[in-house]
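Novice: coords please:
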Amino acid sequence: MNPVHILAKKGDIAERVLIAGDPGRVKLLSTLLDQPRLVNENRGYLVYTGKYRGVEVSIATHGIGGPSLAIVLEELSMLGGKTFIRYGTAGALVPELDKGDYVIVTGASYNQGGLFHQYFREDACISPTPDFEVTLALYSSFKTKGLKFFTGNVFSSDAFYAEDQEFAKKWSERGNIAVEMECATLFALSKMRKLRSGAVVVISDSLVKGGWISKEELEKRVMDGATAILDALINF
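Specialist: Below is the predicted model of the structure:
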């Protein structure tokens, strides 16, 4: 099967791929690559490929939500991608997390049905967890750079505007420290397709304490953590 959304060809996509939801963030992150070239802009899914410390890396847009990420993951893997790290944002579900904190994701909860039912063809209870070695590399890289970070489970939501304080109480009591929209799909689908994946999120807002990080501060935190993620990614 050939990709129908990402109009790149084999050889355009590296085996190691950093993915993010926001095309603006992908464009910003691409500045960390040597001689980045834009290999796709169809459907707004910007994809850049270049070298980081001499190793070929692609940085790609996955859009918002599980279905969008699933399309991108499937198509990038068709084109040669093998190891994927999501670098996104999340809302805090616990008071210990402050805006701008990093979370290395160790697992993702989700609501059954929808995309998961369609892929698994039943309401199966699966365990969406990242690749252990990718997660260990991220942990070691963040430690080496002296960046403050947390590790923990997130809830992958399909309804951004259905999240409120009651939602935060329910899902934090079930062991989740943050909410985002894609990790459960990333981890589950990676297992199905025999791909490696991991994820780091930056806390952009808090459902417990309220408030949002500024665009400028978010961009600074994203760039501060990006080299730690890329250093981990090139190990694979």
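
Novice: Contact partners for Arg16?
Specialist: By CB atoms under 8 Å, 6 or more residues apart in numbering, the contact list for Arg16 reads Val55, Glu56, Val57, Ser58, Gly81, Lys82, Thr83, Leu233, Ile234, Phe236. Quick note: C-beta positions are derived from backbone N, CA and C, even for glycine.

Novice: Between the residues you listed, identify the one with the most neighbours.
Specialist: The most neighbours of any of those, using other CB atoms under 10 Å, belong to Ser58, which has 28 neighbours.

Novice: Sheet partners, orientation included, of the stretch of helix or strand that residue belongs to?
Specialist: Remark: Ser58 resides in strand 55-61, with elements defined by DSSP states H and E. Based on DSSP bridges, the pairing partners of strand 55-61 within the sheet are strand 16-20 (parallel), strand 47-52 (antiparallel).

Novice: mean confidence for that strand?
Specialist: The average of the pLDDT scores along strand 55-61 is 98.

Novice: Over to stretch 32-52?
Specialist: Averaged across stretch 32-52, pLDDT comes to 98.

Novice: What secondary structure category should be reported for the residue most central in space within the chain?
Specialist: For the chain, the residue nearest the mean C-alpha position is Arg86 (2.1 Å; CA atoms, centre = their mean). Following DSSP: H, G, I helix; E, B strand; the rest coil, we place Arg86 in the strand state.

Novice: Over to the one 4 residues further on?
Specialist: Going by three-state DSSP, the secondary structure assigned to Ala90 is strand.
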